[in-house]
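Novice: have a look; sequence and predicted model below, questions after that.
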Amino acid sequence: MILCATESVDGTRAVAAAVAGLVAEGDLLVLVGDLGAGKTAFTQGFARALGVDEPVTSPTFTLANRYRGSMTVNHLDAYRVEALAEAEDLAIPELLEDGVTLVEWGDNILPALPAAHLEVRITLGEGDDDRMLELNPAGSSWQARSRSLAESLDEWIVR
Ligand SMILES: Nc1ncnc2c1ncn2[C@@H]1O[C@H](COP(=O)(O)OP(=O)(O)O)[C@@H](O)[C@H]1O
Ligand SMILES: [Mg+2]
């Protein structure tokens, strides 16, 4: 587990940009955290770092957005997905074939997601703009990148 602290929305976007530097086609990131934690902000920094120019907005109503950058970025929101059958409608295995996929509220549909992913768990800190980001690599491909992740995130790591 890698624990980072940010003190602003731009800090969270910068952490995400650092993570984006280590992704490959087919990667999945599961974003966990309450409303307003910063899951969409994380995705914004992540997509921008991959060359996405258009504004990244919350996919709460569209369920899935797709952006074109140096890599395709699929941005999903599973907040309203109540049944796993609905999760299957999101066609995540197909999305994963093209680019990198980030799923907000991914913990809602964990059984429908590949076991290999990077979990990013965002919680509120003491001040209004403080956030803790806990990164949990699951599966060999992310575990193999743990050290690189830690190096890239050095400036935000608290332990
Ligand atoms: N350190 C921080 N990291 C992320 N967002 C922050 C931070 N500090 C303040 N914010 C604010 O918190 C809100 C996060 O919203 P959003 O990214 O949409 O959350 P979520 O997608 O998790 O519901 C934004 O209004 C953002 O400006
Ligand atoms: Mg959101």
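Specialist: Perfect, thanks for sending it. No experiment lies behind these values; they were computed from the predicted model shown. Ligands and ions are numbered 1, 2, ... in the order given.
Novice: what comes up buried for the lowest-mean-pLDDT helix or strand in the chain?
Specialist: Evaluated with mean pLDDT, DSSP states H and E, the helix-and-strand set of the chain has its lowest mean pLDDT in helix 84-89, which scores a mean of 78. Neighbour-count burial for helix 84-89, counted by 16 or more other Cβ atoms under 10 Å, picks out residue 87. Using the backbone N, CA and C atoms, a C-beta is placed for each residue, glycine as well.
Novice: count of residues packed around whichever residue of the chain sits closest to ligand 1?
Specialist: Nearest residue of the chain to ligand 1, counting by Cβ to the nearest ligand atom: residue 38, 2.8 Å away. Number of residues near residue 38 (other Cβ atoms under 10 Å) recorded here: 26.
Novice: cool, residue 82 as well?
Specialist: For residue 82, the count of nearby residues is 11 (other Cβ under 10 Å).
Novice: and it, what's its pLDDT?
Specialist: In the prediction, the pLDDT value recorded for residue 82 is 75.
Novice: flag every residue of this protein that's near ligand 1.
Specialist: Proximity of the chain to ligand 1, by Cβ under 6 Å from any ligand atom, involves residues 6, 8-9, 11-12, 33, 35-41, 58, 104, 129, 131.
Novice: just the buried subset of those, please.
Specialist: For the residues of the chain next to ligand 1, a burial check counting by 16+ other Cβ under 10 Å picks out 6, 9, 11-12, 33, 37-41, 58, 104, 131.
Novice: all strands for the protein, in order.
Specialist: Taking DSSP state E as the criterion, the chain carries its strands at 2-6, 28-32, 64-68, 72-77, 100-104, 117-124, 131-138.
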